[in-house]
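>>> Give me a 3D structure for the following:
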Amino acid sequence: MKKAEAIEDKVWFDGNLVDLKEVRVSPLAYGLHYGWGVYEGLRAYDTKRGRAVFRLRDHMSRFLDSARFMQLDVTYSLDELCEAVKAVCRANGPQADYIRPIAYYGENGELGLSAVNVPTHVAVMTIHMGAYIRGGAPGASLITSSWERPSDLATSLTAKVCGNYVSSIIAKREAMRQGADEALMLNHNGSVAEASAENVFMVRHGKLITPGLSEGILEGITRDTVIKLAKEAGYDVEERSITRGEILIADEVFLTGTAAELHPVRSIDGISIGKEVPGPVTTELKELYGKVARGEVDSHSEWVDIIDKKVARRRKK
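This is a model prediction of the structure:
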């Protein structure tokens, strides 16, 4: 069997497009030792006008907000960062469908929690991700994690801080050990927060319900997209607390995230969710999200940033 060709790895690092193998991270970097960094995740899609990044400016605006919270010295403007994302996507070709910008503290020759006079590094890289949740059955299986979602008293959950995701990895691995696809995390009140890397929605009594920001969740951009699309489609959307018992008897449950996109849930803790998976609401919103992300809905064309426009070929006379 022929081995698949690897994507040519180009990385935008501190203002320059370089080969991945040329980038070196010091073992003394504060980002490595203490998780002192922030990141984003973006998706690239094929559209009729060429490849495009979905909600590019919204993601990179959140990236800058996260960096400001962590007091990282990111000197690049929003426009410069957006162009960096496009440059890396062009360099790495059509298989590069997931983009990961990151900013982190480097090293100053010392170690300690004071983190004084430490340089900030910024990088943008891509991988080929494809489907994020790859379970064979339709819909994901979830278990309720024994690990609690951190609260806003411990950190900022609206910022995508690298160190915040340690608990998510522990919860995800717990789910995998139990043969599940994902982990459902509860907050300090015992209410539903989110999955390890996705926001959670449920359909009950004809309403679309998702935990509010006060429940200890990330203010997801895909979450925001789905809320807006659902309201436009005529659904009643509620942002409120959801109990563990309530979500187990929901008519439908689905997850949202840039990597996962919109993914149905078939079971939680071995209990089947709904009569069919995906349910009718999940199916409609999933199809609508896909059309919007691929630039097929003119009313949301502002969410689609073209990387490289298609050029029509002229026929030879």
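>>> going forward, measure contacts and count neighbours with C-alpha atoms only.
OK.
>>> what about Leu72, which SS state?
Following DSSP: H, G, I helix; E, B strand; the rest coil, we place Leu72 in the coil state.
>>> quick one: contacts for the closest residue to it other than its chain neighbours?
Computed as CA to CA, 6 or more residues apart in numbering, the closest residue to Leu72 that is not its neighbour in sequence is Thr120, at 6.1 Å. Counting by CA atoms under 8 Å, 6 or more residues apart in numbering, Thr120 touches 72-74, 103-106.
>>> what do you get if the cut-off is 6 Å, keeping everything else the same?
73, 104-106 (CA atoms under 6 Å, 6 or more residues apart in numbering).
>>> Sort out which one of the residues you listed lies nearest Ile133 for me.
Among the contacts of Thr120, Tyr104 lies closest to Ile133 (CA to CA), at 27.5 Å.
>>> Take the contacts of Thr120 and keep only those in strands.
104-105 (DSSP state E).
>>> would you turn the contacts of Thr120 into CSV with distance to Asp181?
Formatted as CSV, the contacts of Thr120 follow (distance: CA to CA, whole Å):
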residue, distance to Asp181
Asp73, 37
Tyr104, 30
Tyr105, 33
Gly106, 34
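>>> out of the contacts of Thr120, which one sits closest to Asp308?
Tyr104 (29.0 Å).
>>> Now that we're looking at the nearest residue to the closest one once chain neighbours are set aside, what pLDDT does it have?
Leaving out its chain neighbours, the residue that sits closest to Tyr104 by CA to CA, 6+ apart is Gly37, at 4.0 Å. Gly37 is assigned 97 on the pLDDT scale.
>>> isn't Gly37 right up against Pro101?
No: here Gly37 lies out of contact with Pro101, judged by CA atoms under 6 Å, at a distance of 10.7 Å.
>>> Neighbour count: the two, which is higher?
It is Gly37, of Gly37 and Pro101, that has more neighbours when counted by other CA atoms under 10 Å, with 26 against 23.
>>> how much space between the more buried one and Glu252?
To Glu252, Gly37 is 36 Å away according to CA to CA, to the nearest Å.
>>> Next: Glu83.
Glu83 sits 39 Å away from Glu252, going by CA to CA.
>>> Leu186 too?
Per CA to CA, Leu186 is found 19 Å from Glu252.
>>> The two: which has the busier surroundings?
Taking neighbours as other CA under 10 Å, Leu186 and Glu252 compare with Glu252 leading, 27 against 24.
>>> which ones are touching that one?
202-203, 274.
>>> Is the residue nearest to it when sequence neighbours are not counted in a helix, a strand, or coil?
Closest residue in space to Glu252, ignoring its immediate chain neighbours: Val203 at 4.9 Å, by CA to CA, 6+ apart. Look at Val203: counting by three-state DSSP, its state is strand.
>>> Buried residues, stretch 60-71. List them.
Within stretch 60-71, the residues that count as buried by 16 or more other CA atoms under 10 Å are 60-67, 70.
>>> Now do the nearest residue in space to Asp19 that is not next to it in sequence, the pLDDT please.
Leaving aside its sequence neighbours, Asp19 sits nearest to Lys10 (CA to CA, 6+ apart; 4.7 Å). pLDDT for Lys10: 95.
>>> Point out where the chain drops to low pLDDT.
Along the chain, segments meeting pLDDT under 70 span 1-8, 136, 309-317.
>>> Break it into its domains for me.
Split into domains by automatic domain parsing, the chain comes to 10-127, 140-296.
>>> Trp303 is nearest to which of those?
Minimum separation from Trp303 across the domains of the chain (CA to CA) falls at domain 10-127, 4.6 Å.
>>> so Leu218 sits right up against Lys160, yeah?
No: in this structure, Leu218 is not within contact of Lys160 by CA under 6 Å, at 7.8 Å.
>>> So the two - more neighbours on which side?
Taking other CA under 10 Å, Leu218 and Lys160 do not tie; Lys160 has more neighbours (25 against 20).
>>> who's in contact with that one?
Each residue near Lys160 by CA under 6 Å, 6+ apart is listed here: 38-39.
>>> Which among the contacts of Thr120 count as buried?
For the contacts of Thr120, a burial check counting by 16+ other CA under 10 Å picks out 73, 104-106.
>>> Which two of the residues you listed have the greatest separation?
Asp73 and Gly106 (11.2 Å).
>>> At the geometric centre of the protein, which residue do we find?
Thr258 (3.6 Å; CA atoms, centre = their mean).
>>> Could you pull out the strands in the stretch 151-300 of the chain for me?
Taking DSSP state E, counting those that start in this stretch, the strands of the stretch 151-300 of the chain run over residues 182-186, 192-195, 199-204, 207-210, 237-239, 252-257, 261-268, 271-272.
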